[in-house]
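Engineer: here is a sequence with its predicted model. Questions after.
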Amino acid sequence: MACRISELVLECREPEALARFWCEVLDFVVVGREADGSVELGPREGFGGARPTLFLSACADPGPVGARLHFDVNPTDRDQGAELERLLALGARPADIGQTGEEPWHVLADPEGNVFCLLKARIREL
């Protein structure tokens, strides 16, 4: 195994309000908050466990409903650079969604154009 889904990312206007809703629905807790107002929810064991977290990304103008959700994946058995090479060889391609280039993750699109992010941290296999 080289990657696994670690987070589901949902663009939204009011992350705190949505966090209250999803925490109740999923029996999750807030595991992190970002300076931009984004909120990460997850099981009590936190990020990197058996279940992916839900990252509510603060966005003044979320995209169309079908484009608000994307996967984040983390390498499990290699570093981010090696995993990026592997994903590109499999048919992923870089995607520009307005990032600055300073982010510690890579935004990619799968062969059908679905956007996902390759994060930097290596997490354990399950």
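Structural biologist: In hand now; what should we look at? Fair warning: this is a prediction, and the values are worked out from it, not measured in the lab.

Engineer: name the nearest residue to the spatially most central residue of the chain, ignoring sequence neighbours.
Structural biologist: In the chain, the C-alpha nearest the mean C-alpha coordinate belongs to residue 72, at 3.1 Å (Cα atoms, centre = their mean). The spatially closest residue to residue 72, leaving aside those adjacent along the chain, is residue 7, at 3.9 Å (Cβ to Cβ, 6 or more residues apart in numbering). C-betas here are computed from N, CA, C, even on glycine.

Engineer: could you verify my assumption that the one you found touches residue 57?
Structural biologist: No: the pair residue 7 / residue 57 is not scored as a contact, 10.0 Å apart, by Cβ atoms under 8 Å.

Engineer: where along this structure do the strands fall?
Structural biologist: Using DSSP state E, the strands of the chain run over 3-12, 29-33, 39-42, 53-58, 69-75, 93-94, 106-109, 115-118.

Engineer: about what we covered before: and the residue nearest to residue 72, what does it touch?
Structural biologist: By Cβ atoms under 8 Å, 6 or more residues apart in numbering, the contact set of residue 7 is 40, 47, 52, 53, 54, 55, 71, 72, 119.

Engineer: perfect, that will be all.
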